[in-house]
Structures are given as C-alpha cells and as structure tokens.
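In: structural data only, the sequence is not supplied:
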C-alpha cells in the first residue's frame with residue numbers, strides 16, 4: 001500500500017527542498033500507519049515484573065510412565081462423577097490349596113476318594129492303624145470264572161448309590177478279634193485316587209454299615225506318599241471353601257468379575273510322629289512301644305487282671321500293666337469314665353478308661369487310656385487321635401521319629 005509522492009516545479013530550489021523534506025517525513029509515517037492497520041501492537045509490549053509468586057505461571061509437570069502401573073486393589077475406589085460409573089457384582093471366593101511335607105501330600109482324617117475305573121466317588125477315613133484298606137460290601141458271594149475265584153458284591157454308599165460289582169479274588173485276610181475267633185474276609189484289588197495320589201491297592205470286603213465312612217484307607221495306600229493330619233478334613237484337593245458377593249461402584253468400562261483368595265492348608269506348629277513310637281509314662285517310669293492309630297479316638301494300653309473297686313465313693317481300677325519287655329507292673333488309678341466298644345456280630349463291651357501323663361518326643365499331656373488286654377497284639381500301647389489333635393502329623397513311612405526328642 002505504498003503511496004507515490006511526486007514533486008513538481010523542481011526548478012525552484014526552495015520548492016525542491018520542501019519536497020525532499022516532505023518525502024523524508026512521509027516514509028516513517030507510512031510505516032507506522034501500515035503496522036497499525038496490520039495489528040502488530042506487540043511492538044509496544046513492555047514486560048511487567050511479577051508482584052509476588054502467585055503471579056508467576058509455573059509449568060505443569062508431566063508424570064512419567066511407569067513400566068508397572070499400579071492397579072487399584074479395589075476398582076470401586078473411584079472419584080469419577082456418578083454419570084461415568086455403574087454398579088457391578090464382585091464375587092470373592094476363598095480357594096483352599098493342598099499342603100505337602102517332605103514331598104508327601106497332607107491328608108485329613110476324612111477325604112473324598114475316587115474310584116476312577118468305576119467313575120464313582122466314596123467317602124473315606126484315613127486309618128494309620130490298619131495295614132490294608134476295606135470297603136462297605138454287602139451280599140458277598142464267591143464264584144468261578146475261567147477257572148479262577150471271583151467275588152460279586154454290592155458296593156454301598158457311593159456317589160451313585162449301591163453298585164453291583166464283580167472282581168477277581170486276590171486273597172483272604174484274617175481279622176483278629178479279642179476274646180473271639182478271627183474272621184476271614186475276601187481281598188480284591190481296587191484303584192483309588194485321593195488328591196494327586198492314585199494307587200492300586202488290596203481292599204478287603206466287609207459290612208461297614210455300623211461305621212460312618214464306607215471306605216477305610218490303610219497304610220499301604222499312604223506309604224511314602226502321604227502324611228495324616230487328624231485335625232482337618234477334605235484338604236487333599238484344591239477347592240472353594242467359601243464364596244460371597246458384594247456390590248461396587250466402578251467406571252462404566254469395568255464389568256462384574258470373580259476375585260480368588262488363595263488359602264493354603266496350614267500345618268504350622270505340628271510335630272511329626274511315625275507309624276510306631278515309644279510312649280513314656282513318667283509317673284510310673286515306664287516306656288511302651290506304641291502303634292499310632294488315627295482310626296481310634298482313644299488310646300489304649302495292655303492291662304491284665306483288671307479289677308474295679310470303690311474308693312472314697314468313686315470308681316477305681318487296679319490292674320497289671322504289661323510293658324514292652326513283658327514285665328507286669330501293678331497299678332491302681334481312678335476311673336475317668338467308661339466306654340463301650342463295638343464288636344462285629346457281638347454285644348458291645350464296657351471298658352474302664354483312666355488318665356495318665358504320656359510323652360512322645362516333645363509332646364507331654366494327660367492322656368486317656370482304655371484298659372484292655374493286648375497280649376495278642378504286637379504293641380502294648382495304641383495312641384489314638386485325641387493325643388494327636390492340634391499337636392502332630394502321622395508319617396506311616398517312618399518309625400521312632402521322636403526317640404531323639406525324648407528327655
């Protein structure tokens with residue numbers, strides 16, 4: 001937008017000088033006018049010193065990206081406005097996972113067993129006092145097939161009810177009964193799974209209608225593979241032990257989900273005893289060899305010549321205690337209670353129970369013992385589940401573990 005200025009009549013020196021002056025003034029004025037019209041007002045900006053720190057504009061720091069961004073433990077903890085959230089359901093499940101000790105699976109006193117060849121489940125009791133297993137079988141009948149001895153029977157109390165079975169006979173077991181003649185039971189081979197243990201083991205067939213569990217698992221199944229915790233039940237497999245739902249307000253992008261809480265089976269603080277241990281009775285300075293028997297609730301000792309009498313209006317008992325060397329020690333003790341013992345095909349038997357201090361390794365507690373003759377048994381003492389409760393695991397693969405811990 002530059003303007004052209006013409007000077008006329010330049011022959012006159014005065015007019016020529018005025019014309020040059022006008023041209024020199026017009027150019028700066030034209031420059032200023034051009035800047036005003038193009039909006040270049042910043043030429044006149046002068047920086048104003050800040051009055052205080054509040055007038056200073058600080059740069060906003062940009063957070064660095066983390067390689068492992070933190071995920072809120074509870075997604076419902078959100079500060080988003082309500083129109084950007086919604087309610088979901090969170091299912092919290094506590095999952096029990098099995099325990100192992102020295103590479104052996106820890107089994108509870110009761111477990112659910114599977115018969116994989118038959119696609120059946122059956123409830124079992126773990127009995128360290130029994131060598132072999134047994135199962136609830138009724139209507140037992142022998143027959144021959146291809147020149148071999150077989151047995152057919154009804155398998156009771158399975159996951160599919162009563163199941164007819166036919167299996168080859170692998171042998172016969174003879175069961176001792178105090179004061180009674182021994183009985184013979186047919187033995188078959190059965191494949192049994194508990195937890196991650198699958199074994200083909202001998203199983204005797206017998207009517208277990210008077211027992212809580214239709215299947216009894218003996219030491220043959222446990223050997224080198226399992227230890228027993230009488231304090232717990234159904235701990236051999238991973239399973240949901242509790243489940244509950246709760247509501248949460250979360251961002252609309254999140255959906256309902258299940259949260260797993262892993263809870264390993266605890267065996268903390270439990271000692272370990274073997275299948276056979278020495279039990280000390282410090283009050284009578286006696287040590288007995290004992291079978292550790294999770295199938296029995298109350299312990300027992302070999303008592304002979306048992307005689308009940310009354311003292312100070314209370315029941316007492318005198319007897320001869322047979323120790324591990326065969327010597328008889330005369331004892332008399334107050335009766336703690338009486339117990340009735342079930343016997344197959346016979347009337348139950350009433351036996352006195354006394355309380356004696358007993359020690360195995362570091363475990364020293366008052367222990368109830370049933371008095372009975374055990375002269376036909378290998379061990380003069382039997383230690384039952386009450387002694388073991390909240391104190392010890394049983395490893396049937398070992399013996400006399402606690403001898404080094406005797407005082």
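Out: Arrived safely. Owing to the predicted nature of the structure, the values given are computational and were not obtained by experimental measurement.
In: so how many other residues sit close to residue 144?
Out: Other residues within reach of residue 144, judged by other C-beta atoms under 10 Å, total 8. From N, CA and C alone the C-beta is placed, and that goes for glycine too.
In: for it, what are its contacts?
Out: residue 150 (C-beta atoms under 8 Å, 6 or more residues apart in numbering).
In: which of the helices or strands spans it?
Out: Using DSSP states H and E, residue 144 maps to strand 133-145.
In: give the rounded mean pLDDT of that strand.
Out: Confidence for strand 133-145, expressed as mean pLDDT, is 97.
In: mind listing the strands that strand pairs with, and their directions?
Out: Neighbouring strands of strand 133-145 in its sheet, by DSSP bridges, are strand 148-158 (antiparallel), strand 197-206 (parallel), strand 215-217 (antiparallel).
In: wait, which of those strands is closest to residue 268?
Out: Between residue 268 and those, the shortest separation by C-beta to C-beta is 22.8 Å, and it involves strand 197-206.
In: list the contacts for residue 189?
Out: By C-beta under 8 Å, 6+ apart, the contact set of residue 189 is 167-168, 170, 200-203.
In: hmm, residue 288 and residue 381 touching each other?
Out: Yes. At 4.1 Å, residue 381 and residue 288 qualify as touching, with contact defined as C-beta atoms under 8 Å.
In: list just the nearest of the contacts of residue 189 to residue 400.
Out: Minimum distance to residue 400 across those is 25.2 Å, recorded for residue 201 (C-beta to C-beta).
In: which residue ranges of the stretch 101-250 of the chain form helices?
Out: Along the stretch 101-250 of the chain, the stretches classed as helices by DSSP state H, counting those that start in this stretch are 219-222.
In: what is the neighbour count of the nearest residue to residue 218 once chain neighbours are set aside?
Out: Of all residues not flanking residue 218 in the chain, residue 130 sits nearest, at 3.8 Å (C-beta to C-beta, 6 or more residues apart in numbering). Neighbours of residue 130 under the rule other C-beta under 10 Å: 19.
In: what do you get for the one 4 residues further on?
Out: Each residue near residue 134 was counted by other C-beta under 10 Å, and the total is 23.
In: related to what we said a few turns ago, of residue 381 and residue 288, who's got more company?
Out: Set side by side, residue 381 and residue 288 show more neighbours around residue 381, with 28 against 23, by other C-beta under 10 Å.
In: need the contact list for that one.
Out: 279, 288-291, 299-302, 369, 374.
In: between which two of these is the distance greatest?
Out: Distance extremes for the contacts of residue 381: the farthest pair is 289 and 369 at 14.6 Å, using C-beta to C-beta.
In: tell me which of these two has more neighbours.
Out: Counted by other C-beta under 10 Å, residue 289 and residue 369 do not tie: residue 369 has more neighbours, with 27 against 17.
In: contact partners for the more buried one?
Out: Contacts of residue 369 (C-beta under 8 Å, 6+ apart): 298-301, 353-356, 358, 381.
In: which of those residues fall within strands?
Out: Of the positions in these, 299-301, 353-356, 358, 381 sit in strands, assigned by DSSP state E.
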